[in-house]
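1. Next input, structure requested:
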Amino acid sequence: MSHKHVFITAEIGINHNGDMEIARQLIDWAHLCGCDAVKFQKRTIETVYTKEYLDSYRESPWGTTQRAQKEGLEFGETEYDEIDAYCREKGIEWYASAWDTQAQEFLQKYNLRHNKIASAMLTNMELLEMVAGEGKYTFIATGMSTYEEIDAAVKVFRDRDCPFELLHCNSTYPMPKEDANLLLIPALRQRYGCSVGYSGHEVGRIVSTSAVALGATSIERHITLDNTMYGSDQAASLNVKDLLRLTEDIRLIETILGDGRKVLSEKELETRKKLRG
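-> Predicted coordinates for the structure are as follows:
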């Protein structure tokens, strides 16, 4: 098979709602649906948010402050040790996007194959230097970013000889399909001479499958057990049925795309004999 394998990441993110049982079920589904990896998000609450923000009001299952909500959604060492062991047992890879250098340091204790720079972190030079210094293949999301900002991020990774791929991304939740601007996939590929994937927050599958047809080398989508669950990412996530359909669609598109060489198949040669005599 000469077609390229698209790397599919099921972004669990914070859709586990701080519950390991939900996290395990989401890992199970990602594995059963044929995803290559699951992804989480790691934050050091005190570093990422200001005290004012953390003390401010927010209604959630964990209390009435932003702090209670953020802490309720944050997994620590015990949970990540369990995630690490569980993913190994299942034979699916996991990785995470760190939202600060302390969180990235935390992730270093696990033998992860990939790193991820979230769109929100693209201009955090200290974090970029740290991640690029690890030399692991890194997915760099480009939502909310200008070309100048992407140039600067790419330079950090190229200077350190760290392999990476850019992810085209529109940071709205959920993203209206007409905002997808998928022609940025070939545009980014041309500008930076690197692989370009797609990280999506839309509802449904057509944008992601179209991205693959345009040459996206990876797809990242949020997944959920139930779109109506508590959480800011649930509505823009794929439920299990849609995730299975999406992975099947992507694997089929890989084959449909072929290798771009003009070769007449045996079947076509037979038809040619009949129709051209």
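
2. so where do the strands sit in this structure?
-> 7-13, 37-42, 57-60, 63-65, 93-98, 114-117, 137-141, 164-169, 196-200, 218-222 (DSSP state E).

3. ok, and what's touching the first one?
-> What that stands for is strand 7-13. Contact partners of strand 7-13, identified using C-beta atoms under 8 Å, 6 or more residues apart in numbering, comprise 23, 26-27, 29-30, 33-41, 95, 139, 197, 199, 217-223, 233, 243, 246-247, 250. In this view, the C-beta of every residue, glycine as well, is placed from N, C-alpha and C.

4. Over to the fifth one?
-> Residues outside strand 93-98 that contact it (C-beta under 8 Å, 6+ apart): 9, 27, 36-43, 83-84, 87, 104, 106-107, 112-118, 121, 127, 131, 141.

5. switch to 7 Å and redo it
-> 36-42, 83-84, 87, 104, 107, 112-118, 127 (C-beta atoms under 7 Å, 6 or more residues apart in numbering).

6. what do you get for the third one?
-> Taking contacts as C-beta under 7 Å, 6+ apart, the residues outside strand 57-60 that touch it are T64, T65, Q66, A68, Q69, G72.

7. These, buried ones only, as a PyMOL selection?
-> Applying 16 or more other C-beta atoms under 10 Å to those leaves a buried subset, and the PyMOL line that selects it is:
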select buried, resi 65+66+68+69+72
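
8. Narrow the contacts of strand 7-13 to those that are buried.
-> Applying 16+ other C-beta under 10 Å to those, the neighbour count classes 23, 26-27, 29-30, 33-41, 95, 139, 197, 199, 217-223, 233, 243, 246-247, 250 as buried.

9. ok, back up a step: of the strands of the chain, which is nearest T50?
-> strand 63-65 (12.9 Å; C-beta to C-beta).

10. Each with direction, which strands does that closest one pair with?
-> strand 57-60 (antiparallel) (DSSP bridges).

11. returning to what we had before: any chance of the strands of the chain in a markdown table, with distance to D151 too?
-> Shown next, in a markdown table, are the strands of the chain (distance: least, C-beta to C-beta, whole Å):
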| stretch | distance to D151 |
| --- | --- |
| strand 7-13 | 24 |
| strand 37-42 | 25 |
| strand 57-60 | 36 |
| strand 63-65 | 39 |
| strand 93-98 | 21 |
| strand 114-117 | 14 |
| strand 137-141 | 12 |
| strand 164-169 | 11 |
| strand 196-200 | 15 |
| strand 218-222 | 21 |
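
12. In TSV, list those strands along with distance to Y147 and mean pLDDT.
-> Below are the strands of the chain laid out as TSV (distance: least, C-beta to C-beta, whole Å; pLDDT from 0 to 100):
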stretch	distance to Y147	mean pLDDT
strand 7-13	24	98
strand 37-42	26	98
strand 57-60	35	95
strand 63-65	38	96
strand 93-98	22	98
strand 114-117	16	98
strand 137-141	13	98
strand 164-169	11	98
strand 196-200	14	98
strand 218-222	21	98
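
13. Cool, thanks, talk later.
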